[in-house]
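Asker: Any chance you can model this:
(chains A and B, ligands or ions: 2)
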Amino acid sequence: MTRSKLLSLLGSYGVVLALLLLILFGWLRYDYFLGFFNITSVLRYNSMFALVALGMCFVIMTGGIDLSVGSTAALGSVVAALFSPQGAWIGLGAGVGAGLCVGLVNATLVTRLKIMPFVATLATMLAASGTALLLADNQSVSVSYESGFTTLGQDNLLGFPIPAWIALAAYVVGWVVLNFTSTGRGVLAVGGNEDATRMMGLPADRIKFLVYLASGGLAGLAGVILAAQFGAGQPIEGVGWELFAIAAVVVGGTLLTGGVGSVGATLAGVLLLGILFNVLNFENGKGWISLSAYWQSVIRGLFLLIVVILQAKLSARSTAAVKEY
Amino acid sequence: MDTDDLLSMTGIDKRFAGIPALSAASFSVRRGEVHALIGQNGAGKSTLIKVLTGYHRRDAGDVAFDGKPFEVSSPQQAQANGISTIYQEINLVPYRSITENICLGREKRKFGFLDWSAMHREAEGLLQRFNIRVDVRRPLMEFNTATQQMVAIARAIGFSAKLVIMDEPTSSLDEREVGVLFNVIRQLKQEGVSVVFVSHKLDELYAVCDRVTIMRDGKTIKTARMDEIEKIDLVSSMLGRNIERTEGHATAFSARDETKIGKVLLSAGNLAIGQIVQDVSFNIRSGEIAGFAGLLGAGRTETARLVFGIDRLRAGEMHYGGKVFDPKRPSDAIAAGMGFCTEDRKSEGIVPEMSVAENMMLALMPKLSKSGIIDEKAQREIVERFIKQLGIKCSGPDQKVRELSGGNQQKVLLGRWLAMNPRLLILDEPTRGIDVGAKGEIQSLIKSLADQGLAVLMISSELEEVIEGADRVFVLREGISVAEFDRAAATEDAVMGAMAHGNAPVIAEARP
Ligand SMILES: Nc1ncnc2c1ncn2[C@@H]1O[C@H](COP(=O)(O)OP(=O)(O)OP(=O)(O)O)[C@@H](O)[C@H]1O
Ligand SMILES: [Mg+2]
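Answerer: Ligands and ions are numbered 1, 2, ... in the order given. Here you go, the predicted model:
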């Protein structure tokens, strides 16, 4: 039993283990890897992905998918930049609001019109991207520097980047919602067996609605940080973010079919992917070998695959051990 | 309306795509009574229940509950209004913990947040009423069907409803567990809760029910007091005809012609896989019906899974048709001419979204297709033949299996394997959840298949079925084959004794 417990622990925390090993590797191999500058810049950059992945995690736990998060973030960044002259808070609110609008459309399509999430969010992905390009007139939109909007992306609080604090806060809220509210448990129940959830008398549609709405809002927030960090709304950013988010969620052990998932492991998944990218940059910086962007992609893909396979093996073995009663 | 009535449903109509499932059905339940609802497969019992709880919208009729007209549009509302239901298909969330499955929808809170320790305690407390002690934090899927069924019941009872409906709750429970359930039902009754109880096992009804309503073809035929109606009357009203009592026989299995039994087809020696199958030996001859008897958890299903290559052997060996047989996956067993009708038709056998025809053809597909293209005509013929032969009640080969009643789903599954023309057919609880009429049909079907040379391995929790149906009975107990009886030696007492105590000497006596 202890052995199987250990295995199941590894199964669920395999991603954490991989993360720690990767950090250890970087620390031993590169001089400034654990330096203050590198840590803060990794956190600052990846907090956007963390927010998007959090929303994705909830959507996937219900058994759905949200492909629109990348272009929603782009739209959010443009809207936030356009509103930033009115003040930092208004810029923030506008960006998040734009995300919520996309989320609202997704939620309605999926729960009211019963359109498959993949199709519904593919459509909104295109629509949001088009809207962002229209609003931005096909170029990046500079934010207002006077209103203090850029603080959201560029400044530190207690030594850590503000975006990292925002992401951390979002994950804490997400964790509490998932584990300590009935809506959170409902998310997992709907993903595990939607029909049963209805028969049990839970508001399955409302739960799904909220999840898509939240995912949109979080993508909008990521867009706000994007604009604040780079000083401009970026209508063409966000391409492939949804894939990054899905990868982070899956590496974190959340089942694509829904019903099983973890907020903490998703964060670990984001960090794993982000730090892997960072390590590859360091490796290039060493000048021994020069990895082209293409090779980097290949290596990241392989790495992802290895983590996922390991995790599947570990969790399969742990349940097999449990099943012997 | 009778003042004693808690629930009264009158003139209920329900059609599915124009086909009536309920026509002018009425049903009433008094306060604090246990009311049995019986009828053949497809009679409309589950539909009546689903109409009541708002899962289906009725086409006509009135419902009154607790003295007021009752209009709900979802199971959620029904539950909030005091009707708690355990649906026939266990409807729980396998990945989630037992606690969540019991408490979802009425979570305990502290400062607005879920209070896990209180919920675990509540789940443990509820299960304790059923003498079940398990780690309620573990995912439901790690537990056997019986425990899952108990969890579903515990969940329904936890809502402190005025009416608890149980649609075939006992089909996956063994005798002891049924006894425990009945105690809980009696407790509920004392607390003034009414219970509607659906079951095909008539003896159970006499043990716990006050009144009974019989359904046939979507109509409610008759309501009577349980102590005033005889079993034979129940059966004849269900079937709508007078049945003759087969002297001394509880099943439709009749005597077999021993000469039809041939050479040994499959022999298994000392099979083992971990705890649940430790040491099982048996053999089956072609044209023979071999029965596996044993209590729940004796390792019967698990042994069948080994034979069929679903799980891999850890020890022991099998011979099939004279050669060593070591199936690595089910397709090996299928290629060797085996079929396996699983007990858990929902998760292992039936593809609910596919049609009757598609479900039946699933295993046969590779054989019926010429270079990848399916021979539609041959397929149609086979499907129609089995629908007729097995008496499957459906609107046609294209109806979705999801829409069939539980018993008819089982027949589709049986048809799937029979269509393969197998040499060895493993039937795990072939008549579970099947009404008396269809049960008899399936039993005679099994016999006639054996007469044609098919070897049948039949697992059944119904003692009469094994004893009367099998040419030889193997008794399994805690993962070990403890006894073997031939037809003459297989008396109820002997088999039960072996199931309960596993007295080894019996083997020495019974083996030739
Ligand atoms: N969703 C549905 N769509 C179409 N037909 C249905 C649906 N549900 C049930 N039916 C049909 O209604 C009839 C009654 O089915 P029901 O499930 O109520 O039977 P039952 O009495 O519960 O039988 P069993 O003992 O086998 O569970 C059947 O002929 C079935 O095919
Ligand atoms: Mg039914």
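
Asker: so where is the stretch 1-150 of chain B shaky, pLDDT-wise?
Answerer: Residue ranges of the stretch 1-150 of chain B with pLDDT under 70: B:1-3, B:90.

Asker: again, 90 this time
Answerer: For the stretch 1-150 of chain B, the stretches with pLDDT under 90 are B:1-5, B:16-21, B:39-43, B:55, B:67-68, B:71-80, B:86-95, B:103-114, B:128-134, B:139-150.

Asker: On the three-state scheme, the residue nearest to the spatial centre of chain A is what?
Answerer: Residue closest to the average C-alpha location in chain A (Cα atoms, centre = their mean): A:Ala53, at 1.4 Å. Following DSSP: H, G, I helix; E, B strand; the rest coil, A:Ala53 is assigned to helix.

Asker: How about B:Arg176?
Answerer: Of the three states, B:Arg176 takes helix under three-state DSSP.

Asker: who touches it in this structure?
Answerer: For B:Arg176, no residue meets the contact criterion (Cβ atoms under 8 Å, 6 or more residues apart in numbering or on different chains). Every residue, glycine included, has its C-beta placed from N, CA and C.

Asker: and B:Ile214, how many residues sit next to it?
Answerer: Counted with other Cβ atoms under 10 Å in any protein chain shown, residues neighbouring B:Ile214 total 25.

Asker: Hmm, I typed the wrong one, I wanted B:Val164.
Answerer: B:Val164 has 25 neighbours, counted by other Cβ under 10 Å.

Asker: hang on, the earlier thing: per-residue pLDDT of the residue nearest to the centre of chain A, please?
Answerer: Model confidence at A:Ala53, expressed as pLDDT, equals 97.

Asker: again, but for A:Val102
Answerer: 97.

Asker: got it, and B:Lys323?
Answerer: Reported pLDDT for B:Lys323: 91.

Asker: What does it show for phi and psi?
Answerer: Dihedral pair for B:Lys323: phi -110, psi 160, per degrees, to the nearest 10.

Asker: you'd agree B:Arg129 is up against B:Gln187?
Answerer: Yes - the criterion here is Cβ atoms under 8 Å, and B:Arg129 meets it with B:Gln187 at 7.5 Å.

Asker: Would you mind telling me which of the two has the busier surroundings?
Answerer: Neighbour count, other Cβ under 10 Å: between B:Arg129 and B:Gln187, B:Arg129 has more, with 18 against 12.

Asker: In what element of secondary structure is the closest residue to that one other than its chain neighbours found?
Answerer: Nearest non-adjacent residue to B:Arg129, counting by Cβ to Cβ, 6 or more residues apart in numbering or on different chains: B:Val184, 5.6 Å away. Per DSSP states H and E, B:Val184 falls inside helix B:175-190.

Asker: what do you get for B:Val212?
Answerer: Judged by DSSP H and E, B:Val212 forms part of strand B:211-216.

Asker: Partner strands of that strand, with direction?
Answerer: When pairing is defined by DSSP bridges, strand B:211-216 lines up against strand B:34-39 (parallel), strand B:219-225 (antiparallel).

Asker: pLDDT of it, averaged?
Answerer: 92.

Asker: Confirm for me that the residue nearest to B:Arg129 is in contact with B:Gly158.
Answerer: No - shown here, B:Val184 and B:Gly158 do not form a contact pair, counting by Cβ under 8 Å, at 11.6 Å.

Asker: any low-confidence regions in the stretch 101-250 of chain A?
Answerer: Applying pLDDT under 90 to the stretch 101-250 of chain A flags the ranges A:137-160, A:179-183, A:185, A:192-204, A:231, A:237-240, A:250.

Asker: gap between the residue of it found nearest ligand 1 and A:Leu202?
Answerer: As assessed by Cβ to the nearest ligand atom, ligand 1 sits closest to A:Asp195 within the stretch 101-250 of chain A, at 11.7 Å. A:Asp195 is 11 Å from A:Leu202, where distance means Cβ to Cβ, to the nearest Å.

Asker: ditto for A:Gly97
Answerer: From A:Gly97 to A:Leu202 the distance is 29 Å (Cβ to Cβ).

Asker: Can you give me the first-to-last residue distance of stretch B:422-430?
Answerer: 16 Å (Cα to Cα, to the nearest Å).

Asker: can you pull the pLDDT of B:Ser460?
Answerer: 87.

Asker: what's the answer for B:Lys346, then?
Answerer: 62.

Asker: Then A:Leu314?
Answerer: For A:Leu314, pLDDT reads 65.

Asker: Give me every residue in the stretch 1-150 of chain B lying close to ligand 1.
Answerer: With Cβ under 6 Å from any ligand atom as the criterion, the stretch 1-150 of chain B comes near ligand 1 at residues B:16, B:21, B:39, B:41-47, B:88.

Asker: buried subset of those?
Answerer: B:21, B:39, B:41-47, B:88 (16 or more other Cβ atoms under 10 Å in any protein chain shown).

Asker: quick one: which of these sit in strands?
Answerer: Mapping these onto strands (DSSP state E) picks out B:21, B:39.

Asker: Among A:Gly97 and A:Leu202, which residue is more densely surrounded?
Answerer: Using other Cβ under 10 Å as the criterion, A:Gly97 and A:Leu202 rank with A:Leu202 on top: 24 against 17.

Asker: show me where the stretch 101-250 of chain A has helices.
Answerer: Ranges of helices in the stretch 101-250 of chain A, per DSSP state H, counting those that start in this stretch, are A:117-136, A:151-154, A:162-180, A:182-192, A:194-199, A:204-230, A:241-251.

Asker: quick one: which of these is nearest B:Glu384?
Answerer: Ranking those by their distance to B:Glu384 (criterion: Cβ to Cβ) puts helix A:194-199 first, at 30.3 Å.

Asker: So which residues make contact with the closest one?
Answerer: With Cβ under 8 Å, 6+ apart as the criterion, helix A:194-199 contacts A:63, A:186, A:189-190, A:204, B:55, B:74-76, B:85, B:87, B:91-93, B:104.

Asker: Quick check: of those, which lies closest to ligand 2?
Answerer: Nearest to ligand 2 among the contacts of helix A:194-199, counting by Cβ to the ion, is B:Tyr87 at 8.7 Å.

Asker: give me the number of residues near that closest one?
Answerer: Residues within reach of B:Tyr87, counting by other Cβ under 10 Å, total 22.

Asker: I'd like to know the phi and psi angles of it, please.
Answerer: Note on B:Tyr87: backbone dihedrals following degrees, to the nearest 10 are phi -80, psi 160.

Asker: can you pull the contacts of it?
Answerer: A:199, B:46, B:49-50, B:167.

Asker: from those, which is closest to A:Gly216?
Answerer: Set against A:Gly216, the nearest of the contacts of B:Tyr87 by Cβ to Cβ is A:Met199 (29.1 Å).
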